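# I'd like to go over a predicted model; first the sequence, then the structure.
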Amino acid sequence: MIDILIISPDPAQASEIARIVGEGDAHHHARTSTAALADLGTQQQTLDSVDLLIVDGVRMAQQDFDTLSALTARHADLTCMLLAPSPSADLLIQAMRAGVRDVQPWPGDPLALRNAVDGAARKVHSTRREGRVISFVSCKGGSGTSFLAANLGFAASVAGKRTLLIDLNQQFGEAAFLVSEVTPPATLAEVSTQIDRLDPAFLEACLTHISNSFDVLAGAADPAKAKEVKAEHLQRILNLVRHEYDLIIFDIGQSLSNVSIVALDQSECIFSVLQLSVPYLRGGRRLLDIFRSLGYRADKVRVVVNRYEKKGAVGLPELEKALGLRVASVIPEDGASVSASVNQGVPILRLAKSSGVAKGLSELVRSLSPPPSTRRSGILQRIFSKPTLSRA
């Protein structure tokens with residue numbers, strides 16, 4: 001998906017262009033404006049979230065080309081397309097000098113315009129950052145999912161990845177307070193109620209900044225307000241942030257819903273967190289059944305054992321046999337260090353860097369790199385290459 005801004009002095013023309021563009025790819029988010037280019041140039045933040053600017057150039061003057069040149073110089077990642085009636089050679093040269101990537105005749109063939117927009121979208125996708133998305137899910141309360149998700153985010157930032165944690169846990173979203181004592185300026189629910197304002201500047205003001213490279217979008221403090229978050233809201237937020245961050249982490253907890261399934265579907269891998277006990281074993285099997293029903297492949301789900309003790313009631317071999325999956329990571333029991341971290345709101349890598357928990361999280365970060373070679377594939381390859389979760 002790309003964000004498209006269509007500007008035209010004629011509202012009807014702008015709407016018609018948006019209609020044609022929308023028919024080409026329903027995943028494009030197109031909005032229209034009747035603002036003049038000169039006015040757009042004074043609104044610095046307006047273009048921050050725009051990938052493709054389509055300009056109705058029916059009344060283009062030299063001053064407009066000068067403004068367009070300044071806009072494209074200021075926004076290096078912005079792709080600009082000009083629509084003009086019977087574009088001449090002189091106009092093409094002016095457009096090229098102004099930083100325009102493509103000129104299309106308008107009015108013209110709707111199919112040609114859609115193909116041009118789709119081609120521009122492919123170029124945008126090939127050049128911009130595409131952050132990796134992962135999720136942490138619990139099969140039972142008290143597994144420590146939020147603690148691991150929040151502290152993994154900090155560990156990833158220490159390892160050089162710009163990281164964002166999005167708290168989807170609907171039970172009094174507390175993830176931000178596990179790594180910070182700062183009250184979040186806004187929550188995911190509050191962002192969702194103002195989704196039409198969403199752009200990088202607005203989102204930036206809503207985030208809790210844990211460090212220079214680790215941010216948290218806090219969960220709703222009131223479970224009732226969590227219902228304000230809709231699947232389409234989360235998709236729009238994800239479309240924006242995955243080009244701003246190297247790693248996006250969802251703390252889902254036990255909240256499986258239409259909203260959290262958007263996060264799970266988009267996740268490269270899902271960390272299923274449990275502990276070595278019979279109740280967690282039963283819950284783990286039920287959770288894997290849900291993942292099977294959603295069609296998730298076995299290599300997408302990774303089992304993380306938290307609070308591991310060698311002399312636990314259930315051993316790792318028994319757990320792996322019951323789940324039909326190997327354990328991907330083990331986080332040892334260290335109640336003192338974890339308790340101090342939670343009580344102080346300080347990441348455990350900052351408070352107890354040499355603890356087994358901190359080392360386990362650092363190892364988990366390393367396991368995320370390099371990315372799998374089959375990160376993106378065609379539908380036939382996805383169907384025939386690897387099996388989905390097998391039953392034990």
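That came through fine.

# and this protein, what are its domains?
The record's domain parsing of the chain by the TED database lists 2-128, 132-367.

# Off-centre distance for the longest one?
Mean C-alpha position of domain 132-367 versus that of the full chain (C-alpha atoms, centre = their mean, to the nearest Å) differs by 13 Å.

# same question for that domain, mean pLDDT?
The average pLDDT within domain 132-367 is 92.

# Pipe the domains of the chain into CSV and attach mean neighbour count per row.
(Each C-beta comes from the backbone N, C-alpha and C, glycine too.) What follows is the domains of the chain, written out as CSV (neighbours: other C-beta atoms under 10 Å):
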stretch, mean neighbour count
domain 2-128, 17
domain 132-367, 19
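
# name the helices or strands packed onto the helix or strand in which residue 263 is found?
Here residue 263, judged by DSSP states H and E, is contained in helix 258-266. When contacts are defined as 3 or more C-beta pairs under 8 Å, 6 or more residues apart in numbering; DSSP states H and E, helix 258-266 packs onto strand 132-138, helix 231-241, strand 247-253.

# nearest to residue 32, of these?
Between residue 32 and the helices and strands packed on helix 258-266, the tightest spacing by C-beta to C-beta is seen for helix 231-241, at 17.3 Å.

# Chain neighbours aside, what residue packs nearest to the most centrally placed residue in the chain?
By C-alpha atoms, centre = their mean, the chain has its centre lying nearest to residue 238, at 3.3 Å. Distances taken as C-beta to C-beta, 6 or more residues apart in numbering place residue 266 nearest to residue 238, at 6.0 Å, with adjacent residues excluded.

# now do residue 320
Distances taken as C-beta to C-beta, 6+ apart put residue 326 closest to residue 320, at 5.5 Å, once the chain neighbours are dropped.

# I figured the one you found hits residue 303, correct?
Yes. Between residue 326 and residue 303 there is a contact under C-beta atoms under 8 Å: 7.3 Å.

# just so I know, which of the helices and strands packed on helix 258-266 lies nearest residue 157?
Nearest of those to residue 157, taken as C-beta to C-beta: strand 247-253 at 8.5 Å.

# Next, the angle from the closest one to helix 258-266.
Angle, strand 247-253 to helix 258-266, by axes from the mean of the first three to the mean of the last three C-alpha atoms, to 10 degrees: 140 degrees.

# helices or strands up against strand 247-253?
If contacts are counted by 3+ C-beta pairs under 8 Å, 6+ apart, strand 247-253 sits against strand 132-138, helix 145-158, strand 163-167, helix 258-266.

# returning to what we had before: got the angle for the helix holding residue 263 vs helix 231-241?
Using the same axes, to 10 degrees: helix 258-266 against helix 231-241 is 40 degrees.

# wait, residue 148 sits on residue 271?
Yes. Counting by C-beta under 8 Å, residue 148 touches residue 271, with 7.4 Å between them.

# Now do the shared contacts for residue 326 and residue 303.
Common contacts of residue 326 and residue 303, defined by C-beta atoms under 8 Å, 6 or more residues apart in numbering, comprise residue 320.

# List the residues that are in contact with both of residue 148 and residue 271.
Common neighbours of residue 148 and residue 271 (C-beta under 8 Å, 6+ apart) are 136, 304.

# follow-up on the earlier one: mind checking which of the helices and strands packed on strand 247-253 is nearest residue 211?
Relative to residue 211, the nearest member of these by C-beta to C-beta is helix 145-158, separated by 5.7 Å.

# hang on, residue 270 in a strand?
Yes. Checked against DSSP: H, G, I helix; E, B strand; the rest coil, residue 270 lies within a strand.

# other SSEs contacting whichever strand or helix holds residue 284?
For residue 284, the host element (DSSP H and E) is helix 278-293. Secondary-structure packing of helix 278-293 (3+ C-beta pairs under 8 Å, 6+ apart): strand 269-274, strand 301-308, helix 316-323.

# quick one: the helices in the stretch 51-200 of the chain?
In the stretch 51-200 of the chain, the helices defined using DSSP state H, counting those that start in this stretch lie at 62-74, 89-97, 110-127, 145-158, 188-193, 200-206.

# Same list (the helices and strands packed on helix 258-266) but as a markdown table, adding distance to residue 18.
Output for the helices and strands packed on helix 258-266, formatted as a markdown table (distance: least, C-beta to C-beta, whole Å):
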| stretch | distance to residue 18 |
| --- | --- |
| strand 132-138 | 29 |
| helix 231-241 | 17 |
| strand 247-253 | 29 |
